[in-house]
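Asks: give me coordinates for this.
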Amino acid sequence: MSEKVYDVLIIGAGPAGYTAAIYAARASLKTIMIAGDSPGGQLLLTSEVENFPGFKDGIMGPELMDEMKAQAVRFGTEMRTDFVTKVVLEGEIKKAWVGNDEYQAKTVIISTGASANWLGLENETRLMGKGISACATCDGFFFTDKHVVVVGGGDSAMEEALTLAKFASKVTIVHRRDEFRASKIMQQRVKDHEKIDIIWNSAVVDVLGDDFVSGVKLKDTNTDKETQFDCEGLFVAIGHTPATKLFADILPTNEKGYLEINHDTSTKIPGVFAAGDVADARYRQAITAAGEGCKAALEAEHYIESKV
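Replies: The predicted model follows:
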């Protein structure tokens, strides 16, 4: 059991958590990060990152996370690679447990992120980052002049397809029903786009390719007939799940399950802040998460100062 009270306790890693740790520790705040078992979030599944400022030749996602972690440690952040199992966030001193180990802090920054929902296919896992993605904004450029498939039927799938159409030679949306769930305006934009085709009543049941995606296997949801469909990329756009289970019944969430925060990253509980994809259902970018991590750390510092 921890005998000291930290200034800042960060739950979760990734660009938001690491940036918060850098700012907090550099401000001489006693900072600890409990990062889970895979510190780095979704960037651990990303190959090359070309749109994070400061890396003109790009940087591999895991390498970027390693650099952020090293920078946070350099300024004195304590790290623990475990999962928080329980929290008590009310009161002047916040408490978090990892099993029987208790940690106390004046402020808490939640940066547990969100994970893309995948199809659950064996080859999908094998080819992750080798033609398979869940972020057109992040990876669309890599598919310039290629034919890509988008799986999904909501607004996210429409947005992915429209973004990819700026780069790809052709985009084919595969949807398991005969109509989209997306808003009417988004549906119309997709249907009117000359580079976007739609395959209705079909599900992707396998991903093909040795070292890179070369096609998908489709199953007709009405007849069960399977066919092979050639493509050079697969984007899965069936939603994201924010990691908010730990905070259920403690902090409010929106209809999609993301934490509700104010503009300054504060939550309804004084001294508790949230940053990154755990509260951002719209942008989901490393740079926006890092920016919110910075804001959360600065606000935590201001909160602590206001209590002196």
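
Asks: from Gly36, how far out is Arg74?
Replies: 21 Å (C-beta to C-beta, to the nearest Å). Backbone N, C-alpha and C define where each C-beta goes, glycine included.

Asks: more neighbours: the two, which one.
Replies: For Arg74 versus Gly36, neighbours defined as other C-beta atoms under 10 Å are more numerous around Gly36 (21 against 11).

Asks: spit out the contact partners of the closest residue to the more buried one other than its chain neighbours.
Replies: Distance criterion C-beta to C-beta, 6 or more residues apart in numbering; nearest residue to Gly36, sequence neighbours excluded, is Phe83 at 5.5 Å. For Phe83, the contacting residues are Ile34, Gly36, Asp37, Val98, by C-beta atoms under 8 Å, 6 or more residues apart in numbering.

Asks: burial count for the third one?
Replies: Translated: Asp37. Neighbours of Asp37 (other C-beta under 10 Å): 7.

Asks: skipping its backbone neighbours, what lies nearest it in space?
Replies: Nearest one to Asp37, counting by C-beta to C-beta, 6+ apart, is Thr81 at 6.1 Å.

Asks: count of residues packed around that neighbour?
Replies: What Thr81 shows, counting by other C-beta under 10 Å, is a neighbour count of 12.

Asks: doesn't Gly36 make contact with it?
Replies: Yes: look at Thr81 against Gly36 with C-beta atoms under 8 Å: they come within range, at 7.2 Å.

Asks: quick one on the thing from earlier: among the contacts of Phe83, find the lowest-pLDDT one for me.
Replies: The member of the contacts of Phe83 with the lowest pLDDT is Asp37, and it reads 73.

Asks: chain center to the one helix or strand in the chain whose mean pLDDT sits lowest, what's the gap?
Replies: Here the helix or strand of the chain ranked lowest by mean pLDDT, DSSP states H and E is strand 48-49, holding a mean of 84. Centroid displacement of strand 48-49 relative to its chain, using C-alpha atoms, centre = their mean, to the nearest Å, is 15 Å.

Asks: got the contact list for that strand?
Replies: Leu43, Phe55, Gly58, Ile59, Met60, Gly61, Leu64, Cys138, Phe142, Ala286.

Asks: Serialize these to CSV and add fields for neighbour count.
Replies: What follows is the contacts of strand 48-49, written out as CSV (neighbours: other C-beta atoms under 10 Å):
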residue, neighbour count
Leu43, 24
Phe55, 15
Gly58, 13
Ile59, 19
Met60, 16
Gly61, 21
Leu64, 23
Cys138, 22
Phe142, 14
Ala286, 26
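
Asks: is it true that Lys219 touches Glu226?
Replies: Yes: assessed by C-beta under 8 Å, Lys219 is found in contact with Glu226 at 5.0 Å.

Asks: which of the two has more neighbours?
Replies: Lys219 (17 against 13).

Asks: OK, contacts around that one?
Replies: Ser202, Ala203, Val205, Lys225, Glu226.

Asks: dihedrals phi and psi, the last one?
Replies: The one in question is Glu226. Backbone torsions for Glu226, taken as degrees, to the nearest 10, come to phi -110, psi 140.

Asks: so which elements touch the strand of greatest length in the chain?
Replies: Looking across the chain with DSSP state E, the single longest strand is strand 101-110. For strand 101-110, the packing partners by 3 or more C-beta pairs under 8 Å, 6 or more residues apart in numbering; DSSP states H and E come out as strand 5-11, helix 14-26, strand 31-34, strand 94-98, strand 272-274, helix 286-306.
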